[in-house]
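Chemist: fold the stuff below for me.
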Amino acid sequence: MNVVCGLDIAKDEVVVTVLNDTAKETKSFGVSIEELSKPKTWLKDRTCIRVVMESTSVYWVSIYASLEEGGFKVTLANARQVKAIPGRKTDQLDSEWLAYLLRVELVKPSYIPKASMRDLRSLTNSELD
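Modeler: Numbers count the residues shown, from 1 in each chain. This is a model prediction of the structure:
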């Protein structure tokens, strides 16, 4: 079964849509540290490991790291490319549209360094402050 997930990330919530061969299901989650594990559990219960999200400001960083640590295959979509494909109007439709684009392999991923490199970059950037 081809199960995929799209996330629409905003300042106050994450809208998650899971698509499989026969159905779709959408749920919203908070973005606090305590809430970060909830999407992982929800997605695992639906046997979803492929996830896509847009690089919305800096809001994507913590949910990306949380899902990556949870063993998910996370794609950070190139926002410019995804926005050029029409078909979205709301957060729920955005998350569904992203899931659909991932499912049909139309997402051009943005480059994300491995976690160890991100940690090193964070360390060296904080020393410059």
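Chemist: quick one: low-confidence ranges for the chain?
Modeler: 1, 56, 83-92, 126-129 (pLDDT under 70).
Chemist: the strands in it, which residues?
Modeler: Secondary structure of the chain by DSSP state E: the strands cover 4-9, 14-19, 24-29, 50-54, 73-77.
Chemist: could you look over the ones you listed and pick the most buried one?
Modeler: Per-stretch averages of neighbours, counted by mean count of other CB atoms under 10 Å, single out strand 4-9 among the strands of the chain, with a mean of 26. For glycine as for every other residue, the C-beta is placed from the backbone atoms N, C-alpha and C.
Chemist: what about Val31, neighbour count?
Modeler: Applying other CB atoms under 10 Å, we find 16 residues neighbouring Val31.
Chemist: let me redo that: Asp45
Modeler: 9.
Chemist: who's in contact with stretch 48-62?
Modeler: Here stretch 48-62 makes contact (CB atoms under 8 Å, 6 or more residues apart in numbering) with 3-11, 18, 31, 33, 36, 43, 63-64, 67, 71-79, 82, 94, 98-99, 101-102, 107, 110.
Chemist: now distance to Thr124 too, for the strands of the chain, in a markdown table please.
Modeler: A markdown table is the format used below for the strands of the chain (distance: least, CB to CB, whole Å):
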| stretch | distance to Thr124 |
| --- | --- |
| strand 4-9 | 26 |
| strand 14-19 | 29 |
| strand 24-29 | 32 |
| strand 50-54 | 26 |
| strand 73-77 | 22 |
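Chemist: to Ala115, which of the ones you listed lies closest?
Modeler: Ala115 lies closest, by CB to CB, to one member of these: strand 73-77, at 11.2 Å.
Chemist: output stretch 40-60 as PDB, nothing but the C-alphas.
Modeler: Only the C-alpha atoms of stretch 40-60 are listed here, as PDB (Å, rounded to 0.1, in the frame of the first residue of the first chain):
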ATOM      1  CA  LYS A  40       4.600  10.600  14.900                       C
ATOM      2  CA  THR A  41       2.300   8.300  16.900                       C
ATOM      3  CA  TRP A  42      -0.700   9.200  14.600                       C
ATOM      4  CA  LEU A  43       1.300   8.500  11.500                       C
ATOM      5  CA  LYS A  44       2.800   5.200  12.700                       C
ATOM      6  CA  ASP A  45      -0.700   4.000  13.600                       C
ATOM      7  CA  ARG A  46      -1.600   4.600   9.900                       C
ATOM      8  CA  THR A  47       1.600   2.800   8.700                       C
ATOM      9  CA  CYS A  48       2.900   6.000   7.000                       C
ATOM     10  CA  ILE A  49       6.600   6.600   6.800                       C
ATOM     11  CA  ARG A  50       6.800   9.000   3.800                       C
ATOM     12  CA  VAL A  51       6.200  12.600   4.800                       C
ATOM     13  CA  VAL A  52       6.400  15.900   2.900                       C
ATOM     14  CA  MET A  53       6.300  19.500   4.100                       C
ATOM     15  CA  GLU A  54       7.000  22.900   2.800                       C
ATOM     16  CA  SER A  55       9.800  25.100   4.200                       C
ATOM     17  CA  THR A  56       7.500  27.600   5.900                       C
ATOM     18  CA  SER A  57       9.700  30.200   7.600                       C
ATOM     19  CA  VAL A  58      11.500  28.400  10.500                       C
ATOM     20  CA  TYR A  59       8.400  26.600  11.600                       C
ATOM     21  CA  TRP A  60       9.300  23.400   9.800                       C
END
